[in-house]
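1. Pasting the sequence and the predicted coordinates here, then a few questions.
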Amino acid sequence: MNNFADCLQRRIDELQNPSCLGLDPLLSYLPKSWQREFDFSDDDDIYLALRRYCFDLLDATADIIPAIKLQMAYFEQYGTAGISAVRDVIAEAKALGMLVIVDGKRNDIGSTASAYSNAYLTKTSFSADALTVNAYLGSDGIRPFLEKCDENGKGVFILCRTSNPSAGELQDLELSDGRLVYEAMADLISEWGEDLAGEEGISSVGAVVGATWPEQAKSLRERMPRSFFLIPGFGAQGGTASDAIAGFDKNGRAAIVNASRSLMQAWKKQGMKHDDFAAACRLEAVAMRDSLREALSL
């Protein structure tokens, strides 16, 4: 059975591109011209429009970007239309050779965590390659996800140092042993991932570490030398290529950088027509790839 970390790192190596396309769709992101074809008050049309929008972005980038990250909340807000679109987007991305990370930040007590892991890390219509997870409940809430990773060659990315401005309200609190909360989480992530490393020496139990905290990312890499880092915050949230690569390992590997709005809405930056959003996304994706490669001196 394939190991998720091996599959992701090898696809990154093949494309020489450690970036990830984030799909956080809003109906307002769709070209206004589509309103002649789709009725955005009708569930069936919303499903078809979201599906087409995401498919166009996949088609434009599948040969240069190794993975996508689906932000579930953006699909869930459209009810059954959005959920149906997620199912199809996952299948299409896989058919195009892209790995699929579902950003759901799921977790609960052990029995409910088991249900979440069954939903996303087994052979269901939501069968992702990896899932983002919140470990606030501790080990018993994480164990079901680790079991499915082991059984099915899947991965998880556990929230560690998030990219949002108020992250420090909890994550920077000091514990009685002198560690900060996010440092204690990093130590747990490293421990949980010990038995899920693949042939590349990277664990399928990864960490979410924001590009907006480069100094912390460097110290976290020391605590998690074999963990795969999912690095959000690039582009629209202010993270640069030099910020993002702070979390890569000493060989410039074991990390993938996500961009969502800056790619989906690239037509604005590129000065292109809204209808050309997919072509603009590709141009911006190439620029992102090149900036990361330059920062890594590849």
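-> Cool, got the structure.

2. Give me the pLDDT value at Ala91.
-> Per-residue pLDDT puts Ala91 at 96.

3. How many neighbouring residues does it have?
-> Neighbourhood size, Ala91 [other C-beta atoms under 10 Å]: 13. Glycine gets a C-beta too; all of them are placed from N, C-alpha and C.

4. How about the contacts made by the residue nearest to it when sequence neighbours are not counted?
-> With sequence-adjacent residues excluded and distances taken as C-beta to C-beta, 6 or more residues apart in numbering, Ala91 is closest to Ser125, at 7.8 Å. Neighbour list for Ser125: 87, 90-91 [criterion: C-beta atoms under 8 Å, 6 or more residues apart in numbering].

5. try Asp6
-> 198-200, 202.

6. What's the separation between it and Lys94?
-> Asp6 sits 17 Å away from Lys94, taking C-beta to C-beta, to the nearest Å as the criterion.

7. same check, this time on Leu15
-> 16 Å.

8. again with Phe40
-> 28 Å.

9. sorry, back to before: Provide the secondary structure category for the residue nearest to Ala91.
-> Ser125 carries the three-state label coil when classified by DSSP: H, G, I helix; E, B strand; the rest coil.

10. Number the chain from 46, please
-> All set: I'll call the first residue 46, so the last point we hit is now Ser170.

11. Torsion angles phi and psi at it?
-> phi -70, psi -20 (degrees, to the nearest 10).

12. Could you do the one 5 residues further on as well?
-> Dihedral angles phi and psi of Ala175 (degrees, to the nearest 10) take the values phi -150, psi 160.

13. Test my guess that it contacts Ala50.
-> No. In this structure, Ala175 is not within contact of Ala50 by C-beta atoms under 8 Å, at 9.2 Å.

14. list residues touching both of these two?
-> 200, 249, 251.

15. Just the ones of the residues you listed in strands?
-> The strands, defined by DSSP state E, take in 200, 249, 251 from those.

16. Dump the residues you listed into CSV; add neighbour count and distance to Arg56 as well.
-> Formatted as CSV, these follow (neighbours: other C-beta atoms under 10 Å; distance: C-beta to C-beta, whole Å):
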residue, neighbour count, distance to Arg56
Gly200, 30, 13
Ser249, 27, 14
Gly251, 31, 15
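
17. could those residues go into a markdown table alongside distance to Arg334 and pLDDT?
-> As requested, those are exported to a markdown table (distance: C-beta to C-beta, whole Å; pLDDT from 0 to 100):
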| residue | distance to Arg334 | pLDDT |
| --- | --- | --- |
| Gly200 | 22 | 98 |
| Ser249 | 24 | 98 |
| Gly251 | 21 | 98 |
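
18. For the closest residue to Leu337 other than its chain neighbours, list the residues it contacts.
-> Excluding the flanking residues, the one nearest Leu337 by C-beta to C-beta, 6+ apart is Ala286, at 5.1 Å. Residues counted as contacts of Ala286 (C-beta under 8 Å, 6+ apart) are 279, 333, 336-337, 339-340.

19. try it again with 7 Å
-> Listed by C-beta atoms under 7 Å, 6 or more residues apart in numbering, the contact set of Ala286 reads 336-337, 340.

20. tell me the mean pLDDT over stretch 72-83?
-> 94.

21. what's next to that stretch, contact-wise?
-> Contacts for stretch 72-83 (C-beta under 7 Å, 6+ apart): 85, 90, 93-94, 98, 309-310, 319-320, 322.

22. If we use 6 Å, what do you get?
-> Here stretch 72-83 makes contact (C-beta atoms under 6 Å, 6 or more residues apart in numbering) with 85, 90, 94, 98, 309, 319-320.

23. Quick check: Ser305 touching Leu71?
-> No. Ser305 is beyond contact range of Leu71, at 10.9 Å (criterion: C-beta atoms under 6 Å).

24. neighbour count winner among the two?
-> Using other C-beta under 10 Å, the more surrounded residue of Ser305 and Leu71 is Ser305, with 23 against 14.

25. Quick check: of the contacts of Ala286, which lies closest to Ser264?
-> Top of the list for closeness to Ser264, among these and by C-beta to C-beta, is Ala340 at 18.9 Å.

26. From Ile135, how far off is the spatially closest residue to that closest one that is not a sequence neighbour?
-> Among residues not flanking Ala340 along the chain, Ala286 sits closest, at 4.1 Å (C-beta to C-beta, 6+ apart). Computed as C-beta to C-beta, the Ala286 to Ile135 distance reads 28 Å.
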